[in-house]
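Engineer: Sequence and computational prediction follow.
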Amino acid sequence: MRRWFPRWWCWAWARAGYTLMFGAAAAGIPAADQGVASGVASTAQQVGGSVGLAVFVAVADAGTHGLSGEALRLATVDGLRTAVLLAAAGIAVTAVAALRFRGRLRNAVVAA
């Protein structure tokens, strides 16, 4: 039972994240336009994931050309570390931006 918990936990949080993302995309949108808002959010998610993966793979692979053996292993570790730090920085920037928008949206809803 214990070894299945991490998989279940990741699955549950991923599903909650998708639900919240599409809910946020449709918040404040008229009912007739919520399908378009959901489609835009879905498209942005797919394009962002594709571009993000390409960037992270390019960063991780940048210093490995022409290397072999131990040098290749060390360069791979360094590249992966850099890619993970870049992803963490992107998450932090996104979180700060989301918190800034949250206050603006709350004030806009109260004003309406």
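Structural biologist: Thanks, I have the structure now. Bear in mind that the values here come from a model prediction, so they are computed numbers and not experimental data. Numbering: from 1, shown residues only.
Engineer: Check the offset of the helix or strand of the chain with the lowest mean pLDDT from the chain's centre.
Structural biologist: One helix or strand of the chain scores below all others by mean pLDDT, DSSP states H and E: helix 5-26, with a mean of 74. Taking the mean of its C-alpha atoms, helix 5-26 sits 12 Å from the chain's own mean (CA atoms, centre = their mean, to the nearest Å).
Engineer: elements contacting the helix ranked longest in the chain?
Structural biologist: Secondary structure of the chain per DSSP state H: the longest helix is helix 69-111. Counting contacts by 3 or more CB pairs under 8 Å, 6 or more residues apart in numbering; DSSP states H and E, helix 69-111 is packed against helix 34-61. The way it works is simple: take the backbone N, C-alpha and C, and place the C-beta from them, glycine included.
Engineer: what's near enough to touch the closest residue to S42 other than its chain neighbours?
Structural biologist: Closest residue in space to S42, ignoring its immediate chain neighbours: F22 at 7.6 Å, by CB to CB, 6 or more residues apart in numbering. By CB atoms under 8 Å, 6 or more residues apart in numbering, the contact set of F22 is S38, A41, S42.
Engineer: helix/strand/coil for G66?
Structural biologist: G66 falls in the coil class when you classify it by DSSP: H, G, I helix; E, B strand; the rest coil.
Engineer: Could you list the low-confidence segments of this structure?
Structural biologist: Across the chain, the ranges flagged by pLDDT under 70 are 1-9, 102-112.
Engineer: where's the residue located most distally from the centre of the chain relative to L80, distance?
Structural biologist: Here the centre of the chain is the reference, and by CA atoms, centre = their mean the most remote residue is G69, at 33.1 Å. According to CB to CB, to the nearest Å, G69 and L80 sit 17 Å apart.
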